[in-house]
Each structure stands twice: as structure tokens, then as C-alpha cells.
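Chemist: Need coordinates for the following:
(chains A and B)
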Amino acid sequence: AQSVSQHNHHVILSEAASLELGCNYSYGGTVNLFWYVQYPGQHLQLLLKYFSGDPLVKGIKGFEAEFIKSKFSFNLRKPSVQWSDTAEYFCAVNAPGTGGFKTIFGAGTRLFVKA
Amino acid sequence: DTEVTQTPKHLVMGMTNKKSLKCEQHMGHRAMYWYKQKAKKPPELMFVYSYEKLSINESVPSRFSPECPNSSLLNLHLHALQPEDSALYLCASSQGTENSNQPQHFGDGTRLSIL
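Modeler: So this is what the prediction gives:
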């Protein structure tokens, strides 16, 4: 069965520190990968996505992620975090199933940025 | 603000009550989803509707009954729920389920408490 693993469940950083959140997936076919973010009290929203082409994708708010096929990884990065980046981050993959594609989420990483 | 509207935002009900959660989107999306999210956990898929037909049911107990009256509306009818059903219920939509490259748009959720 397809699965998504996020290595860090809780991350605490100071402002201006660099961020890298790990994500590995198990699906062996053509993948479409996503990072979603859930700010405190807000709805889940798309941060960035990878379908094909350049494996380095850029998203909103200065985030980027690199797809490394050989490592089944899609790690999220940001060079310099801000207090407003405090949120929960979910890596996800769209995988085929009976009835169409469905989204499988990782367990999430809770990021806290100290001001 | 999200383009997927969920009502009510909060719901408290007893185990013998019958209530409904509602979800609406006007983006022309043909796929709509119900997820259940417990605290500090990722969203768990419950149901998927594609072109107003139920395409995925993730073995959800029959005390949860989904309904898709038209392409913009999605309901979740609740009856005889258990305390462990207390959670945040998220609605989402996407352009479709035929392709794997479609991100989902999430509502703010309904926080449900079962007494």
C-alpha cells in the first residue's frame, strides 16, 4: 500500500534559521507530490506541488521542495524562516485506487518558530 | 479565506441525535471529499464523490451517510454517533479524480463533539 513518511514530528527553530522537513513516499509509479500547510486556526492549503519536469519546485511564501526520484523523497526547504511560518506541514501523494486517485497524507510536522 | 464553505463551524450533539454537516464550493470542481481529522493527526479520507457519484468509501461506519445533491454541495448525515467520532470534519474539492495532478481545496472544517 502507498504511504508517506515524515521524519520530524516536531521542529522548533529560531527566526532566520533554515528549514528542511523530510518526506519519503512508498508509491512506485508516476507520482504527484504535494506539501500542504495548516496555520493555527486556519484551513489546510496548498504550499507547492510537483507533477513533472524540474525536480526543484517553488511554492508560496519562499518555500521550495526537491523531488529526488532515486530516494523517493520530496523534502521541503526554506532558507530563512519567520515567526509566521509556525504551522503544521503535511506531505502528500496522489495515488491511484479503486474509484480514482486519492490523496494520502503523511503524519505531519508541527513547526514552531521562536521570535 | 477558503473557497470551500462548511457549516456549521462547531457542532455538539448527543449520541441519539441526527444532524448534518454541509459543504459548498462554486469553483466548478467535480470531485468532493470528506475527511476526518483527529487532534495532531493527518486528515483521514472518508468518502469521495466524483461527478456527484460516490466513488470511494473508505470502509466508514454506516452511522455516517454522505450525500451529494448537486455538483456544488456535499452533505454528511450523522446518526447515532459515538464519543470517538468527535473530531474535525473537513470537506475538500478538486477539479476531478481522473488525473493524479489535482490539488485539493479545503474548507475550515466542522469541529464535532459527541456527548
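
Chemist: so where do the strands sit in chain B?
Modeler: Here chain B has its strands, by DSSP state E, at B:4-7, B:10-13, B:18-25, B:31-37, B:44-50, B:53-57, B:64-70, B:73-79, B:87-94, B:105-106, B:110-114.

Chemist: Find the closest residue to chain A in chain B.
Modeler: B:Thr97 (3.1 Å; Cβ to the nearest Cβ). Heads up, the C-betas are built off the backbone N, CA and C, glycines and all.

Chemist: For A:Val4, find the nearest of the strands of chain B.
Modeler: Smallest distance to A:Val4 across the strands of chain B (Cβ to Cβ): 12.9 Å, for strand B:44-50.

Chemist: Can you list the neighbours in contact with the closest one?
Modeler: Residues outside strand B:44-50 that contact it (Cβ atoms under 8 Å, 6 or more residues apart in numbering or on different chains): A:99-100, A:102-103, B:30-38, B:54-58, B:60, B:64, B:66, B:68, B:74, B:76, B:96-98.

Chemist: Pull out the buried residues from those residues.
Modeler: The neighbour count (16 or more other Cβ atoms under 10 Å in any protein chain shown) marks A:100, A:102-103, B:30-37, B:55-56, B:60, B:64, B:66, B:68, B:74, B:76, B:97 as buried among the contacts of strand B:44-50.

Chemist: Please export the C-alpha coordinates of stretch B:96-104 as CSV.
Modeler: Presented in CSV, the C-alpha positions along stretch B:96-104 are these (Å, rounded to 0.1, in the frame of the first residue of the first chain):
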residue,chain,number,x,y,z
GLY,B,96,-11.6,15.8,-10.7
THR,B,97,-10.2,12.4,-9.7
GLU,B,98,-9.3,11.1,-13.1
ASN,B,99,-5.8,12.6,-13.0
SER,B,100,-3.4,12.5,-10.2
ASN,B,101,-2.1,16.1,-10.5
GLN,B,102,-5.1,17.8,-8.9
PRO,B,103,-4.5,19.5,-5.6
GLN,B,104,-7.4,19.8,-3.2
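
Chemist: Name the nearest residue to the closest residue to chain B within chain A, sequence neighbours excluded.
Modeler: Residue nearest to chain B within chain A: A:Gly100 (3.1 Å; Cβ to the nearest Cβ). In space, and not counting its chain neighbours, A:Gly100 is closest to B:Thr97: 3.1 Å by Cβ to Cβ, 6 or more residues apart in numbering or on different chains.

Chemist: My read is that the one you found contacts B:Tyr33, right?
Modeler: No. In this structure B:Thr97 lies outside contact range of B:Tyr33 using Cβ atoms under 8 Å: 9.1 Å.

Chemist: B:Met32 - nearest residue in space that isn't next to it in sequence?
Modeler: B:Leu74 (4.4 Å).
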